[in-house]
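In: Sequence and predicted structure, then a few things I'm wondering about:
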Amino acid sequence: MSIVSRRGLLGAAAATAVASVLPGLPAMAAAPFRNVLPPAWQRFKVGEFEATVVSDGLLPIGKPEPAFPTAPVGELRNLLASNFLPLDETPLEQNILILNTGRQLILFDTGMGESMGPASKMFGPTSGRMLQNMRAAGIEPEQIDLVVLTHAHCDHCWGLVDGAGNRVFPNAQVAISETDLKFWTDDANKKGPEFMVTFIDGAKKNLLAYRDRMIMVKDGQPVAPGVVAISTPGHTMGHHCYAVTSGNATMVNTGDLAHHPVLLLRRPMWEFAYDSDPKLSAQTRTRMLDRLATDKHQILSYHFPWPGLGRVVKEGEGFGWYATPTNVSVL
C-alpha cells in the first residue's frame, strides 16, 4: 500500500469516527481568529542577576540580496533554502535586554520607538512594541536607571524619547560610545545612502535629549558593576558589545555584531548593507565570533530569532548557531 493511500485511509477513518461519535449534532461555528500577538517577554538568570528579554517586534528589511550585497546570489539562496528560511524577505527580530543587578535596572537598546512619527515605521508596522512588552513583564520605564546603547542606529536608540521629544526613561542615564554620539548627531554626515539623513535626524532627537546625563563607554571598561564594554567597530564605528558577568556566569550582548543567524555566521566575511564600514565590520565579526566560540559564552543577539539567546560554535569556514531553551538560566 502506498503512503498516499495509507494517509487517505487514515483521514477517512478519522472522519468516520467523528461522525459516529457525534451523530446528529449541528455544525458549530469556528472560533474567531485573534490576529493579535501575545506579549513577548522572557526571563532567566545570569548568575545572581535577573535578565528579561522583551521584543520590539519584527524588523523586516526586505529581500535578502540587497541586504548582503557581496554574497553570491546562488550561494545565498541555497543557504536560506537549506535552512527553511524565506527567499523573498529578511525578517529580523529585535530582542531587548533588561538586566536587574540588584542595584540597578539596566536597559540595553530601545527599539524603533515612535519618536520619529511615520519614519519610525520605515521598516513596516511590526516594530515599536518595546514599552508594551516591558510593561507586560512588570517593568515601568520610570524604573530604568541606565540605558546602554550598543550603537546609535534607529532600531536601537529611537525609543529614547516620545513623539514630542520627552524622555521615555526620565530617571535614566544613557551610556554610548563617544564615537557614535559625535558621528550620529553631526549634520555633516548626512551623505552617502539616502537613509543617512533620517538616521541622523532621529539620533539627534533621541540622544541629545539626554545630553546632560551621558556616560561615555570605553573598550574593556565597566559601564556598571558586572557589565563591561567590548569595542566591535564596523557596523557603526562606535559599536560595542557588552559582557555581563555575575559569579561564574557570563553572557555577551552582541548587539548588531551579526544580523543573520545563518548568512553572517556561516559566511561571516559577507558584507551587510547597513554597515558603516562593511569590510571592517566583517573582520570584527569574524574575530569576535571566534572569541565567543572559543570562550563558549552564552550570547544574546539583538536580531536573531526570538529571544536571541544561544551559543556559537566553529563549523567549517564559519560558525553555527545553537539556541538555548528558553527555560534555562545562563550557566
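Out: Sure thing, it's come through. Quick caveat, the model's predicted, so the values are computed rather than measured. Numbers count the residues shown, from 1 in each chain.
In: Buried residues of stretch 55-65, list them for me.
Out: Within stretch 55-65, the residues scored as buried using 16 or more other Cβ atoms under 10 Å are 55-59, 61, 64. For the C-beta atoms, the positions are set from N, CA and C on the backbone; glycine is no exception.
In: could you dump it to CSV, C-alpha only?
Out: What follows is stretch 55-65, C-alpha atoms only, in CSV (Å, rounded to 0.1, in the frame of the first residue of the first chain):
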residue,chain,number,x,y,z
SER,A,55,10.6,42.2,22.0
ASP,A,56,10.3,45.4,20.0
GLY,A,57,8.7,43.3,17.2
LEU,A,58,9.8,42.2,13.8
LEU,A,59,12.0,44.4,11.7
PRO,A,60,11.6,43.2,8.1
ILE,A,61,14.4,44.7,5.9
GLY,A,62,13.2,43.4,2.5
LYS,A,63,14.7,41.0,0.0
PRO,A,64,18.0,39.4,1.2
GLU,A,65,20.1,40.1,-1.9
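In: Distance of the nearest residue to residue 209 once chain neighbours are set aside relative to residue 74?
Out: Using Cβ to Cβ, 6 or more residues apart in numbering and skipping residues adjacent in sequence, the residue nearest residue 209 is residue 161, 4.9 Å away. Counting by Cβ to Cβ, to the nearest Å, the gap from residue 161 to residue 74 is 44 Å.
In: higher neighbour count, those two?
Out: residue 161 (24 against 8; other Cβ atoms under 10 Å).
In: got the contact list for the more buried one?
Out: 113, 115, 167-168, 205-206, 209 (Cβ atoms under 8 Å, 6 or more residues apart in numbering).
In: any idea of the pLDDT on it?
Out: Looking at residue 161, its pLDDT is 98.
In: any idea how far it is from residue 205?
Out: Separation of residue 161 from residue 205 (Cβ to Cβ): 6 Å.
In: shared neighbours, these two?
Out: Listed contacts common to residue 161 and residue 205 are residue 115; contacts here mean Cβ under 8 Å, 6+ apart.
In: got the end-to-end distance for stretch 84-93?
Out: By Cα to Cα, to the nearest Å, the extent of stretch 84-93 from end to end equals 17 Å.
In: Use 657 as the first number for this chain going forward.
Out: From this message on, residue numbering opens at 657, which makes the last subject stretch 740-749.
In: mean confidence for it?
Out: Stretch 740-749 carries an average pLDDT of 95.
In: Going along the chain, name the helices of the stretch 757-906 of the chain.
Out: Ranges of helices within the stretch 757-906 of the chain are 786-792, 810-813, 834-840, 851-863, based on DSSP state H, counting those that start in this stretch.
In: I'm done for today, thanks for sticking with me.
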